[in-house]
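> Below is the structure, and that's it, no one-letter string:
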């Protein structure tokens, strides 16, 4: 059974640029959630996708957007990067809408200069 | 407002000593409760969870947590810690109703086990 994978592992961007982060969910899982973890803090919910549709969203601006593909992999896109977007971005997968247990990938560390 | 409070940001403890990491939550609705562990430069690993039933839940590596509804707490305990338990521990909850399960996390507790 393959766990949750994310790419790239590290990324450096400059302010104003755009970035795309990728996530492959655990085998058999059809729900993907994205979280932002700033340094020294707990993760914060960005949004969740279930069967290719957004299924819930946290308190993040519209420049944070996402996609889920038919194979249940997912992308997180961030436009007009700001310095405060520097963080570890975590993807988590689960099976089924409303499933309580989420399994996390290793994360992508984004640095915005 | 719904939130999770981890009362200690850092907990140093000697090897083989007991430890308790405290977690309190605030929610007006029923919740599921979780503890996740994060080792340096890694993602989160599920340690244990409370969904329903017995209020005492255990992990395979000796940790346990007890759900206390009246005190809205879900403290994590281990009777004897090892060096390898050194990590950041996050308490989290998910509201048990609705279709989307978003996890709300505390700010974390860094457990450092000293030799």
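Nice, I can see it. Note that this is a predicted model, so its numbers are computed, not measured.

> So for stretch B:57-70, what gets flagged as buried?
Neighbour-count burial for stretch B:57-70 flags B:57, B:59, B:63, B:65, B:67 (criterion: 16 or more other Cβ atoms under 10 Å in any protein chain shown). In this view, the C-beta of every residue, glycine as well, is placed from N, C-alpha and C.

> Now flag whichever of these is closest to chain A.
Comparing these against chain A with Cβ to the nearest Cβ places residue B:57 closest, at 12.5 Å.

> lowest-pLDDT helix or strand in chain A?
Within chain A, confidence by mean pLDDT, DSSP states H and E is lowest for strand A:53-57 among all helices and strands, at a mean of 88.

> Each with direction, which strands does that strand pair with?
strand A:44-50 (antiparallel) (DSSP bridges).

> pLDDT of the partner strand, averaged?
The average of the pLDDT scores along strand A:44-50 is 92.

> Kindly report the same for stretch B:76-88.
On average, the pLDDT along stretch B:76-88 is 96.

> Show residues contacting that stretch.
By Cβ atoms under 8 Å, 6 or more residues apart in numbering or on different chains, the residues outside stretch B:76-88 that reach it are B:13, B:15-21, B:23, B:35, B:37-40, B:47-48, B:61-66, B:89, B:91, B:108-113, B:115.

> Same question for stretch B:21-30.
Outside stretch B:21-30, the residues touching it (Cβ under 8 Å, 6+ apart) are B:1-8, B:11, B:31, B:33, B:35, B:71-77, B:89, B:91, B:93, B:95-97, B:106, B:109, B:111.

> Run me through the strand neighbours of the lowest-mean-pLDDT helix or strand in chain B, direction for each.
When each helix and strand of chain B is scored by mean pLDDT, DSSP H and E, strand B:56-58 comes last, with a mean of 89. Neighbouring strands of strand B:56-58 in its sheet, by DSSP bridges, are strand B:64-68 (antiparallel).

> Pull the distance from the partner strand to the chain's centre.
Taking Cα atoms, centre = their mean, to the nearest Å, one finds the center of strand B:64-68 at 9 Å from the center of the full chain.

> hey, where'd the strands end up in chain A?
With strands called from DSSP state E, chain A shows them at A:5-7, A:10-13, A:19-24, A:31-37, A:44-50, A:53-57, A:64-68, A:74-78, A:87-94, A:103-104, A:108-112.

> residues near the residue nearest to residue A:47 when sequence neighbours are not counted, how many?
Counting by Cβ to Cβ, 6 or more residues apart in numbering or on different chains, the nearest residue to residue A:47 once its immediate chain neighbours are dropped is residue A:57, at 4.4 Å. Look at residue A:57: counted by other Cβ atoms under 10 Å in any protein chain shown, it has 16 neighbours.

> Identify the residues contacting residue A:57.
Contacts of residue A:57 (Cβ under 8 Å, 6+ apart): A:46-48.

> Redo those residues as JSON lines? Include distance to residue A:74.
Formatted as JSON lines, these follow (distance: Cβ to Cβ, whole Å):
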{"residue": "A:46", "distance to residue A:74": "11"}
{"residue": "A:47", "distance to residue A:74": "10"}
{"residue": "A:48", "distance to residue A:74": "10"}
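
> could I get the residues you listed as CSV with neighbour count?
Shown next, in CSV, are those (neighbours: other Cβ atoms under 10 Å in any protein chain shown):
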residue, neighbour count
A:46, 23
A:47, 21
A:48, 28
